[in-house]
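K.L.:
sequence and predicted structure, then a few things I'm wondering about:
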Amino acid sequence: MRKNEAHAGDAQHGSAVRRVLIVDGHPIVREGLRRIVEDQHDLEVCGEAGTLEDMHAALGDRHPDVLICDIGSKNGNGIDLVRYARARHPRLRILVLSALDEILYAERMLSAGANGYITKESSTDEFLASMRCVLDGHVYVSETVRRNMLSKYVGRAPPKSEDPIDRLSTRELQVLLMIGRGITTRETARSLNLSVKTVESHRHSIKRKLNLRTATQLMRYAVLELAARES
């Protein structure tokens, strides 16, 4: 059955096809996600975006039901991407599909306004299940993340993480991501809508929290540690 015929059948049964906007900086990833989504009778891709600017336009023009986005964008401001989308489109459902460590990032993304978080190592079945879950009004995270969050909120938090990156604020984490990608302080300030002085203050705070003394040590840490997390 062709998809337009399936749409007609859905309409007869009162089931609307839901619209998906895909945001990822890599064309090959967007193409793969599009193929997965378009193979589903109850979903359709209403647009794609590779940059924040394109996403802003698509959100206004295409009116998606769910946004699928990668927070590991080249300019490092994926957290702001989620915040922007949530603030301007409060009814939009947001699913983060990322290569970054879920234990470190999932709760931050939910706090920023995401409705779900899965990694790019997930199966196609899990990706589709997570998308339908958030579209149905629920929150989707892995069982590991769910256990950690439940333990925290019922007052039985797990032992404090030994990962030093957990000491960083969300903004400091964004700055560290950009350092690891070789983005200059001035470019970071422009991308995150901060002053150069504020970015420099974040850099000093990161060095202090990670027990690093020099800018070279900070750069080495950012490149090696974050490359390992994104591999």
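P.N.:
Arrived safely, thanks for sending. Numbers count the residues shown, from 1 in each chain.
K.L.:
can you map out the strands along the chain?
P.N.:
18-23, 43-49, 66-69, 93-98, 116-119 (DSSP state E).
K.L.:
and those: which comes nearest V175?
P.N.:
Within the strands of the chain, the stretch nearest V175 is strand 93-98; the backing value is 18.0 Å (CB to CB). Using the backbone N, CA and C atoms, a C-beta is placed for each residue, glycine as well.
K.L.:
report all helices and strands that that closest one contacts.
P.N.:
strand 66-69, helix 78-88, helix 102-112, strand 116-119, helix 124-135 (3 or more CB pairs under 8 Å, 6 or more residues apart in numbering; DSSP states H and E).
K.L.:
residues of the fourth one that come out buried?
P.N.:
The reference is to strand 116-119. Under the neighbour-count criterion of 16 or more other CB atoms under 10 Å, strand 116-119 has G116, Y117, I118, T119 buried.
K.L.:
repeat that for the longest one.
P.N.:
By neighbour count on 16+ other CB under 10 Å, the buried set for helix 124-135 is F127, L128, S130, M131, R132, C133, V134, L135.
K.L.:
quick check: which ranges of the protein have low pLDDT?
P.N.:
1-15, 71-77, 101, 149, 151-163, 225-231 (pLDDT under 70).
K.L.:
if we use 80, what do you get?
P.N.:
For the chain, the stretches flagged by pLDDT under 80 are 1-15, 71-80, 99-105, 143-166, 181, 224-231.
K.L.:
just the closest of the buried residues of helix 124-135 to D61, please.
P.N.:
L135 (20.2 Å).
K.L.:
that closest one contacts V66, correct?
P.N.:
Yes. Taking contacts as CB atoms under 8 Å, L135 lies within contact range of V66: 5.4 Å.
K.L.:
overlap of the contact sets of those two?
P.N.:
Residues touching both L135 and V66 by CB atoms under 8 Å, 6 or more residues apart in numbering: R18, R93.
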